[in-house]
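Enquirer: Here is the input, now give the coordinates:
(2 chains)
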Amino acid sequence: MNLYSDLFLTFAKVGVCTFGGGYAMLPILQRELVEHKGWTTQAELTDYFAIGQCTPGVIAVNTATFVGHKLCGPLGGVAATLGLVFPSIAIIMVIAAFLQNFADLPVVIHAFNGVRACVCALILSSVLKLRKSTVIDPPTVLIFALVLALAVIGNFAPIPAGAFWGSALRFLCSPVVLVVLSGVAGLLIRAAKGGGEK
Amino acid sequence: MIFLRLFFEFFRVGLFSIGGGLATIPFLSDMGARTGWFSAGDLANMIAISESTPGPMGVNMATYVGFHTGGIPGGVAATLGLVCPSILIILVIAGFLKKFRESRVVDAVFYGIRPASTALIAAALAEVCSIALMFRQVTVPETGAVETRLFYWPAVLLAAVVFACLHVQPLKKLHPIVFIALSAAAGVVFQL
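Expert: Alright, predicted model coming up:
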């Protein structure tokens, strides 16, 4: 079999087998890539996964691109990623089309009201776990608190459009700007600490 | 041109959301508010569907939003937009993998971004909670009048039960899909 189609099919299989993505995916990647195919070593996969977590984008897509690139260059990366997303696209579209037709049924509405409550609990639990590994010292506590406050203001407070300070605040509260500013803050904090030690 | 807009909106999400599927939620909630493509309630449903179907959550959300907005080509355009920045960035990084891992600048930038990413998800959580648990319109049985309740206690109770189960030893190993399915059943049985 052609290596490109092998990459596509293997990652399509990984896509079908994982629910939720991210961390749930690591054991399946280990089984398929390290044990079955021998495409990467365990250490390489751990490296890819670690970088995938801290670079922009979906972790699974980042890892797939790495593995594909390692085996047969940029086109391999594209083939692996397309394989990974193919089952999602097909499955979600069937579900979405189905729900569009039945969204107004009382049974579906009640079911989704239950599901939404469950989603709150699931996300809260994930946020608490994430907080343990990301909010680790006073500067990160400060960044966490500031970003949370600004993002909540951005979500809930009615910001008057038109006035200069209104547009400035709206700009500041957008997630993209907050992420960029936090990256800059991280650099400055580390630079200040490094300078202090010398 | 709706497909190009979907592509670029999701390109932005892919470029700035760091740390996997959950990290895309604040960007999607922002997108919903700006474009009017979907409501915060729709977003809560999409999160549940994306968590309980195969595939990475971020990709599922992109496909769902794209399909909801522009049909099948919309779903494809949104998903390609989401993965494009990943592919480009990883292909660049793959060339100097070791240097990237050991770079102090990269480490410092992510030292700042990680807590921010957690805070953004927490803020999105507040929004999802306000939709799922609060401000519900209730018909009073005696008078037939419609009132808005600040807290919708049956939903709050269900969320609290699920949260408790997620922290009890044998139950917390269960896959989220189990909790989502049981909550859907509870919603139907108790007419939430």
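Enquirer: what residue ranges in chain B score low on pLDDT?
Expert: Scanning chain B for pLDDT under 70 picks out B:19-20, B:138-139.
Enquirer: can you pull out the strands in it?
Expert: In chain B, the strands defined using DSSP state E lie at B:55-56, B:134-139, B:146-151.
Enquirer: What about residue B:32, how many residues nearby?
Expert: Applying other C-beta atoms under 10 Å in any protein chain shown, we find 19 residues neighbouring residue B:32. Yep, even glycine has a C-beta here, placed from its N, CA and C like the rest.
Enquirer: quick one, what contacts it?
Expert: B:38, B:39, B:40, B:42, B:43 (C-beta atoms under 8 Å, 6 or more residues apart in numbering or on different chains).
Enquirer: Identify the farthest-apart pair in the residues you listed.
Expert: B:38 and B:40 (8.3 Å; C-beta to C-beta).
Enquirer: Domain-wise, how is chain A divided?
Expert: A:3-102, A:104-133, A:135-198 (automatic domain parsing).
Enquirer: I'd like those domains written out as TSV, with mean pLDDT added.
Expert: As requested, those are exported to TSV (pLDDT from 0 to 100):
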stretch	mean pLDDT
domain A:3-102	85
domain A:104-133	85
domain A:135-198	81
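Enquirer: For these, give me a markdown table that also has distance to residue B:163 and mean neighbour count.
Expert: A markdown table is the format used below for the domains of chain A (distance: least, C-beta to C-beta, whole Å; neighbours: other C-beta atoms under 10 Å in any protein chain shown):
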| stretch | distance to residue B:163 | mean neighbour count |
| --- | --- | --- |
| domain A:3-102 | 17 | 20 |
| domain A:104-133 | 4 | 20 |
| domain A:135-198 | 19 | 16 |
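Enquirer: Of the strands of chain B, which stretch is the most buried?
Expert: Compared across the strands of chain B, strand B:55-56 shows the largest average neighbour count, a mean of 32 (mean count of other C-beta atoms under 10 Å in any protein chain shown).
Enquirer: What pairs with that strand, parallel or antiparallel?
Expert: Paired neighbours of strand B:55-56 in the sheet (DSSP bridges): strand A:19-20 (parallel).
Enquirer: could you point out which element follows the strand it pairs with?
Expert: Next along the chain after strand A:19-20, taking DSSP states H and E as the criterion, comes helix A:26-29.
Enquirer: contacts for that following helix?
Expert: Here helix A:26-29 has contacts from A:14, A:17, A:18, A:45, A:49, A:63, using C-beta under 8 Å, 6+ apart.
Enquirer: okay, these in JSON lines with secondary structure and distance to chain B next?
Expert: Below are these laid out as JSON lines (DSSP: H, G, I helix; E, B strand; the rest coil; distance: C-beta to the nearest C-beta, whole Å):
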{"residue": "A:14", "secondary structure": "helix", "distance to chain B": "9"}
{"residue": "A:17", "secondary structure": "helix", "distance to chain B": "7"}
{"residue": "A:18", "secondary structure": "coil", "distance to chain B": "6"}
{"residue": "A:45", "secondary structure": "helix", "distance to chain B": "13"}
{"residue": "A:49", "secondary structure": "helix", "distance to chain B": "11"}
{"residue": "A:63", "secondary structure": "helix", "distance to chain B": "9"}
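Enquirer: okay, now the domains of chain B?
Expert: If you go by automatic domain parsing, chain B breaks into B:2-133, B:152-189.
Enquirer: got the end-to-end distance for the last one?
Expert: In this case it means domain B:152-189. End-to-end span of domain B:152-189 (C-alpha to C-alpha, to the nearest Å): 16 Å.
Enquirer: now stretch A:32-47
Expert: By C-alpha to C-alpha, the extent of stretch A:32-47 from end to end equals 17 Å.
Enquirer: would you list every one of the helices in chain A?
Expert: Ranges of helices in chain A, per DSSP state H, are A:3-17, A:26-29, A:42-54, A:59-102, A:106-134, A:138-156, A:164-172, A:175-197.
Enquirer: Nearest to residue B:92, out of these?
Expert: From the helices of chain A, taking C-beta to C-beta, the stretch that ends up closest is helix A:59-102, at 10.2 Å.
Enquirer: Lovely, talk soon.
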